[in-house]
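Q: Turn this into a model:
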Amino acid sequence: MLRAAEGEDAVENESYDLIVIGAGPAGEKGAAQAAYFGKRVAIIERDRVGGAVTNTGTLPSKTLQETAAHIAQAKDRDDRGLPFKLNADITVEDLFRRQREVVRAHLGVVNENIKRHNIDLISGAARIEGPRSVSVTPAAGAPRMLDAAFILIATGSRPLRPPEIPFDGEYVYDSDSVLQMKRIPQSMVVVGGGAIGCEYASLFAAVGVRVTLVDSRDRLLPFIDGELTAVLERQMRARGVDVVYRRRLRGVDVRTGGREVRVTLDDGGALVAEALLFAAGRSANTEGLGLAEAGIALSASGTVAVDEHYRTSVPTIYAAGDVIGFPALASTSMEQARVAVCHAFGFEYKRQVSSLIPYGLFTIPPISTLGASEEELIAAGEPYLVGRTAYRTNPRAQIGGDTTGLVKLLFSPADRRLLGVGIVGDGASELVHLGQACMHFGGTIDFFIDSVFNFPTLSDAYKYAAYDGLGKLRQYEEEQAGRTAAVPVGKEGGAGT
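A: Purely as a prediction, here's the structure:
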């Protein structure tokens, strides 16, 4: 209860069934899940609805990738002598116009969803005051105190900003501030070979920026199948990206009035460019929430610790999305929040997040994967075979001009069960869902062989990857029977039909 001044009547706390802190994808979907089942819900948001996904992350960067991919395709067509012409001087307005339109449209959708579910949207900074209480401090006006049966923390994350790097939003950027750039530089250093770094490196290279990508590891995207990332790296290098491995950032110096950013590496070498994008990590948004005082435990990495139901160390308080760490995807964040809410209220509806989580990287070309990679199967000692097909043999890919892509199927030689899918090339993030459906029902590669796909489509590539897999299986079975020379499991061999 809020304390009243002497001589005033006591003011009752505002009561809800669920208080959600943060209106990003996890917060919005978790709130809507509870409201759908008739619960009274409030969302507290100190900035803008939509979170990083809508305002600074997924949608803006993916829209930019789409724009850059179209520019790259136009350049490729022009190089082949086709009657498509591209303005040589791509401006910031050319690059960002569509991104702003998409963000504006999706913000309308988010606000509409909140309103349709009769969710109270409260503006201000939230602080947890107890296992069922949250205070809200607005930008102007008096604080409010809210009570609820349950609390869901969905405050997301922000780019990591090491103090030694002089971020200025003009020459030195993080993945948020780069969306506000006023000019397209002629050259750029990108630090970080993870998803964000690779997406922006390929994006800027596609519009003609000379990009140097620096990473401390020995290959890009180590959580992705190495064969797929090799295709991506070849395409990035073909567009002029210089990839520097096993190097760490040691210092950054903006010189000559901002016309030069000098990046010093740990080997003593230096890189000079017109801009720097630091994209090496993110931090959970936990400051100011009063987590320690409320008894909410954090992990060693500073994210909120949760159990399998997304419940924190305080039983009435749950957390979902980037604030709890890996995998920090918009898709999983939404599902985590739904599962958390269903567990809190005992809804017999959604009890767990699917174990089949597709990964989509919106690089140029894009990559999407599902299930096990070759590296994971080798490490686990699990027998497997590989069926592949190249985009260059697919008529739809030929029409679209992407002849460098690849569809890769990993399957068990014992029962043909699909173990993993990897795709690099146009439409990868959509195509992967066909493999997801097959794996969800315990399907085999025969599903693709038996199916009839529209023609010409990229989906038809699954069929020929599966036929290639059958060829590998036939050789494997002959090897096992001792009738032919050994063919290494998971290596090239056989042919499609």
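Q: helices and strands of the protein: which one bottoms out on pLDDT?
A: Least confident element among the helices and strands of the chain, by mean pLDDT, DSSP states H and E: helix 58-79 (a mean of 75).
Q: other SSEs contacting the lengthiest helix in the chain?
A: Counting by DSSP state H, the longest helix found in the chain is helix 92-116. Counting contacts by 3 or more C-beta pairs under 8 Å, 6 or more residues apart in numbering; DSSP states H and E, helix 92-116 packs against helix 25-36, helix 51-55, helix 58-79. Using the backbone N, CA and C atoms, a C-beta is placed for each residue, glycine as well.
Q: show me where the stretch 351-497 of the chain has strands.
A: Along the stretch 351-497 of the chain, the segments classed as strands by DSSP state E, counting those that start in this stretch run 359-361, 367-371, 385-390, 406-411, 418-424.
Q: Okay, now the sheet partners of the shortest one, with direction.
A: Here strand 359-361 has these sheet partners by DSSP bridges: strand 367-371 (antiparallel).
Q: tell me the mean pLDDT over the partner strand?
A: The average pLDDT within strand 367-371 is 97.
Q: can you give me the angle that strand makes with strand 406-411?
A: Going by axes from the mean of the first three to the mean of the last three C-alpha atoms, to 10 degrees, strand 367-371 is angled at 10 degrees with respect to strand 406-411.
Q: how about low-confidence regions in the stretch 251-400 of the chain?
A: Residue ranges of the stretch 251-400 of the chain with pLDDT under 70: 258.
Q: circling back to that earlier point, how about a markdown table for the strands of the stretch 351-497 of the chain, with distance to A139 added?
A: Converted to a markdown table, those look like this (distance: least, C-beta to C-beta, whole Å):
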| stretch | distance to A139 |
| --- | --- |
| strand 359-361 | 36 |
| strand 367-371 | 41 |
| strand 385-390 | 56 |
| strand 406-411 | 51 |
| strand 418-424 | 46 |
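Q: that older thread, what's the angle from the longest helix of the chain to helix 58-79?
A: 140 degrees.
Q: show me where the stretch 101-250 of the chain has strands.
A: Going by DSSP E, counting those that start in this stretch, the stretch 101-250 of the chain shows strands at 120-123, 125-130, 133-137, 144-153, 157-159, 172-173, 187-191, 210-214, 242-244, 249-255.
Q: And for Q475, the neighbour number?
A: With neighbours defined by other C-beta atoms under 10 Å, the count for Q475 comes to 18.
Q: All further residue positions should be reported with the first residue as 668.
A: Noted, 668 is the first residue going forward, which turns the last one into Q1142.
Q: how much space between it and F763?
A: 52 Å (C-beta to C-beta, to the nearest Å).
Q: And for E831, the neighbour number?
A: 9.
Q: Now do the domain split for this structure, please.
A: 681-731+759-826+950-1012, 839-947, 1032-1147 (automatic domain parsing).
Q: will you turn those domains into TSV that also has distance to Y1026?
A: Formatted as TSV, those follow (distance: least, C-beta to C-beta, whole Å):
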stretch	distance to Y1026
domain 681-731+759-826+950-1012	7
domain 839-947	7
domain 1032-1147	5
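Q: closest to Q740 out of the ones you listed?
A: domain 1032-1147 (5.9 Å; C-beta to C-beta).
Q: And the closest one, end to end?
A: 38 Å (C-alpha to C-alpha, to the nearest Å).
Q: now stretch 961-968
A: 19 Å.
Q: Figure out how far that stretch is from the centre of its chain.
A: 24 Å (C-alpha atoms, centre = their mean, to the nearest Å).
Q: Any buried residues in that stretch, and which?
A: Using 16 or more other C-beta atoms under 10 Å as the burial criterion, the residues of stretch 961-968 that qualify are 961, 963, 965.
Q: What about those, which are in strands?
A: Judged by DSSP state E, strands contain none of the buried residues of stretch 961-968.
Q: From those, pick the one nearest K696.
A: I963 (21.5 Å).
Q: In contact with the nearest residue to that closest one once chain neighbours are set aside, which residues?
A: Using C-beta to C-beta, 6 or more residues apart in numbering and skipping the chain neighbours, the partner closest in space to I963 is T979 (4.9 Å). Contact analysis of T979 by C-beta atoms under 8 Å, 6 or more residues apart in numbering lists 820, 963-964, 971-973, 985-986.
Q: where's T979 relative to V1006, distance?
A: For T979, the distance to V1006 - C-beta to C-beta - is 14 Å.
Q: And F1012, by the same measure?
A: Counting by C-beta to C-beta - F1012 and V1006 are separated by 12 Å.
Q: And these two? Which one has more around it.
A: With neighbours defined as other C-beta under 10 Å, F1012 and V1006 compare such that V1006 has more, 23 against 17.
Q: The helix or strand that one falls within packs against which elements?
A: V1006 is part of helix 997-1012 when elements are defined by DSSP states H and E. Counting contacts by 3+ C-beta pairs under 8 Å, 6+ apart, helix 997-1012 is packed against strand 681-688, helix 692-703, strand 811-820, strand 984-986.
Q: Identify the residues contacting the residue lying closest to N952 once chain neighbours are set aside.
A: Among residues not flanking N952 along the chain, T822 sits closest, at 4.1 Å (C-beta to C-beta, 6+ apart). With contacts defined as C-beta under 8 Å, 6+ apart, T822 is in contact with 688-689, 691, 951-953, 956, 988, 990.
Q: of these, closest to L1086?
A: Of all those, G988 has the smallest distance to L1086: 28.7 Å, by C-beta to C-beta.
Q: which of the helices and strands packed on helix 759-783 is buried the deepest?
A: Mean neighbours per residue, mean count of other C-beta atoms under 10 Å, is largest over the helices and strands packed on helix 759-783 for helix 692-703, with a mean of 27.
Q: distance between that one and the chain's centre?
A: 20 Å.
Q: residues making contact with it?
A: 684-685, 687-688, 690, 708, 710, 712, 716-718, 720-721, 777, 780-781, 784-786, 819, 821, 823, 987-989, 997, 1000-1001, 1003-1005, 1007-1009, 1012, 1014, 1017.
Q: swap the cut-off to 7 Å and go again
A: The contact list for helix 692-703 (C-beta atoms under 7 Å, 6 or more residues apart in numbering) reads 684-685, 687, 708, 710, 718, 720, 777, 780-781, 784-786, 819, 821, 987-988, 997, 1000-1001, 1003-1005, 1007-1009, 1012.
Q: Filter the residues you listed down to the buried ones.
A: 684-685, 687, 708, 710, 718, 720, 777, 780-781, 784, 786, 819, 821, 987-988, 997, 1000-1001, 1003-1005, 1007-1009, 1012.
Q: just to revisit the earlier point, with distance to S800 added, can I get the helices and strands packed on helix 997-1012 in a markdown table?
A: Below are the helices and strands packed on helix 997-1012 laid out as a markdown table (distance: least, C-beta to C-beta, whole Å):
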| stretch | distance to S800 |
| --- | --- |
| strand 681-688 | 9 |
| helix 692-703 | 18 |
| strand 811-820 | 5 |
| strand 984-986 | 11 |
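Q: Contact partners for P830?
A: P830 touches nothing, counting by C-beta under 7 Å, 6+ apart.
Q: Apologies, that question was intended for L1044.
A: 1051, 1077, 1086.
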